[in-house]
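[1] let's see this in three dimensions:
(2 chains)
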Amino acid sequence: MKYIIRIIILCSVLMVSGLNFSFAETMKTPKEILHSADLARGSDTGLEWTIKIESIEAEKKQNNTLNLKTSNFNSLAEFLTPAKVKGRKLLMRDRNMWFIKPGLSKPVPISPRQKLLGGASNGDIASTNYTGDYTITKFNENADFDNQPCFIFDLKAINKKVTYDRIRYWVSKEKFVGIKAEFYTISGKLFKTATFEYDNKIKTNNESRLFVSRMIIINAVLKNDITTMYYSKIKIKKIPDSTFNLNLLMR
Amino acid sequence: MDYKKMHKKICKINLLICMLVIMLNPGISLGGENIECVPDKSPNELLDELQDGFKFRMSILSYAAMDKPADSTQNPDNDFLKLSDYSEEFKLRPDASLSFRDIYLSVKPRVDLSLEQFRTGTQKGKKNHEHDIYINEYLIQYQAIDKWFLSYGRQFLQWGPSFLCSPSNPFFFDNGKSQPNQEGEGKEFAELLWIQNLYWTYSLIINTDNGRSHDSDFGKTFALKTDYSGNNGYASLILSYQEGANHKERVGLFGGLTVSDALILYGEANFQKGLDVLYPTSDNSPINYSMNSVKHDDCSIYSTLLVGGTYTFESGSSLTCEYLYNQMGYNNKEASDYYKLRQNAHDAYNLPNPLAGLAKQALGQTADNGLMFVRQNYFMLQYIENDIFNIFNLTLRWTQCIDDKSAQLVSLVDFYAGDNTRFFASGILNIGGHESAFGSMLDYQTMIGIEYIF
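    Predicted structure coming up:
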């Protein structure tokens, strides 16, 4: 009987600890919410994914597919299709960026602002780290977007190395994922708007969580210029340091 | 006895329940992050692995170039350099690579067909047909231990951020940026690379053979390269030693800084002892001068410094500026003697031997004097705009020799028709006269071509 009581107590403790954990989830600080949203568009450890980019600019459509490996704010993008861009690589070592293409004698250093394709900057394809790169200047916990209750974050770049100086970011209260973002230039002009969808699921710590499946970027001035990025073949895994080594990029 | 049995049973139940609760509660883990990767192995995993690791790209390139050889003292009546007025080239450039576990293999065989026509000078009316099949680059690389890579191959080994040249590179000073549709000629290298961590990498590089290159001063070269890559910038130090008659000791450096989202700054440098550059010296020969390696045994340290920066506009276009200080280049006095020597050799070129022979020898040395940049101070401005109307890429490059005011304008246009076809056109215009840093070889060059890629 004594042992049955023990079992009941043990189960109760474990169940309560689980309940406490769930409760804590809902009581996240703004920074924790932002970090949760980051994890739905990136990873603390390592990530490999395939991104299909559809770009419409001046009514002309372009499609590119690339493989991206990313870890700790470093990423390597390799273009897979179409043939004219096949073999091109973009290496991002934190904010240092290098570009290489077949026939080019050596990697060319480029700035984060340089366009990847259509409305997508190089910074857009990488794993997201708003928690590390931005400070929260304003936080509104009673907003909504597309009939979804949201938090709104006003984010200001910690330094000038990031692609966008200021971001307004809508995060779903229910799912803790970013669903809309407005990107602003240093002069305060709205540069582009993005919306996000989360039809992918990944497993970490035996927990299934939502992961970004589509990002739609709309030019703030030329509203018909739209870039859509589809994310697939997502693998959460450790990416070796050698992947991001410039000496091995040319091989 | 019953009590003991009961105790064991309850312990088992306890354990079972604990395991069940832990399994059902994803918030609890037994320490360490447990990441479940999406399975990336199929049943036929070896074949899949090989397929995943194999990459192939084929480029079929064809272009025509029209050149206007300069009527300079370096090339009397285009008889010495024999530069064609018109040429057509056809090139097959397959690239294949296989990355399989710890092994990486790549090969870049090449087939070149060319036709040259001469319409001016002493070569007028002549035609040359040539063909060549060769392997320009190959690489065998083995990942010996986790972060150690051992490789041997023929490579056009390049590094550093600069466009004008690569002063820090003891193997290739010319980085091939001025002729983007031409490939650099590979040399044989053995390399041991150690990636200590994300920030530090060390390489021991040995240039064992001249490979496809035609460097006249080849000597086995050993280099120790240390690379640092930080959050905002990067830097490298290259210590090298070249064996042989043209032995040299060099210290190369390069580094860069991402100042902001739009601005990057960078620099490259080379300090070396032992120069195999030829300098004009006056003597009693019939042409009054000769070219000599007078600074070869000089104990002085000679430097090449390059600083530059690129600003990217919000539209995505970029502007790059570079300044090059080339200490081993000719100063005003040396340049004056150099052009006098060329003039004298030019005047003696058509005289009977031995004067003509002496003139040809002198012109051979003035053309191949060991200097990519003849003078000491250069400035470059480059504008790049990609995806104009989603189909054009434009590059405009202005290079100014500050010392003699001559300049070179290079324009490159790429036009993409569909996903596989690229049309391209380029133009080079040399300004400043024939006896200047840029005007000795060509007045201008225009090129149009097509590339089909799959």
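[2] when you work out contacts or count neighbours from here on, use the C-alpha atoms and nothing else.
    Fine.
[3] for residue 85, what are its contacts?
    With no chain named, the answer covers chain A. A:F79, A:K101 (CA atoms under 8 Å, 6 or more residues apart in numbering or on different chains).
[4] my question was about chain B
    B:M66, B:D67, B:K68, B:P69, B:E116, B:Q117, B:F118, B:R119, B:T120.
[5] you'd agree the second one is up against B:N430?
    No: at 11.6 Å, B:D67 and B:N430 do not qualify as touching, with contact defined as CA atoms under 8 Å.
[6] between these two, what contacts are shared?
    Common neighbours of B:D67 and B:N430 (CA under 8 Å, 6+ apart) are B:L442, B:D443, B:Y444.
[7] just give the nearest non-adjacent residue to B:T201, would you?
    B:I195 (4.4 Å; CA to CA, 6 or more residues apart in numbering or on different chains).
[8] which residues touch the one you found?
    Contacts of B:I195 (CA under 8 Å, 6+ apart): A:D241, A:S242, A:N245, B:K147, B:W148, B:T201, B:Y202.
[9] switch the contacts of B:D85 over to TSV; also include secondary structure, distance to B:V374 and neighbour count.
    Listed next are the contacts of B:D85 as TSV, based on DSSP: H, G, I helix; E, B strand; the rest coil; distance: CA to CA, whole Å; neighbours: other CA atoms under 10 Å in any protein chain shown:
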residue	secondary structure	distance to B:V374	neighbour count
B:M66	strand	25	17
B:D67	strand	22	21
B:K68	strand	21	18
B:P69	strand	19	23
B:E116	strand	28	19
B:Q117	strand	29	19
B:F118	coil	27	20
B:R119	coil	29	15
B:T120	coil	27	18
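[10] restrict the residues you listed to contacts with chain A.
    Among the contacts of B:D85, no residue is within reach of chain A (CA under 8 Å from any CA of the partner chain).
[11] could I get those residues as a markdown table with pLDDT?
    Shown next, in a markdown table, are the contacts of B:D85 (pLDDT from 0 to 100):
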| residue | pLDDT |
| --- | --- |
| B:M66 | 94 |
| B:D67 | 92 |
| B:K68 | 91 |
| B:P69 | 89 |
| B:E116 | 92 |
| B:Q117 | 91 |
| B:F118 | 89 |
| B:R119 | 86 |
| B:T120 | 82 |
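[12] does residue 148 have beta-bridge partners, and which?
    In the absence of a named chain, this looks at chain A. In this entry, A:Q148 is beta-bridged to A:F145, by DSSP bridges.
[13] wrong one, I was asking about chain B
    Applying DSSP bridges, one finds that B:W148 bridges with B:I145, B:W194.
[14] how much space between it and A:N247?
    Computed as CA to CA, to the nearest Å, the B:W148 to A:N247 distance reads 12 Å.
[15] that older thread, just the shared contacts of B:D67 and B:N430: which are in strands?
    B:L442, B:D443, B:Y444 (DSSP state E).
[16] next, count neighbours for the last one.
    For B:Y444, the tally of surrounding residues (other CA atoms under 10 Å in any protein chain shown) stands at 19.
[17] for the second one, same thing?
    When neighbours are counted by other CA under 10 Å, B:D443 registers 21.
[18] so what's it scoring on pLDDT?
    Listed pLDDT for B:D443 reads 92.
[19] I figured it hits B:N430, correct?
    Yes: using CA under 8 Å, B:D443 is in contact with B:N430, at 5.4 Å.
[20] excluding chain neighbours, what is closest to residue 151?
    Assuming you mean chain A. A:E141 (4.4 Å).
[21] hmm, I had chain B in mind actually
    B:Q141 (4.1 Å).
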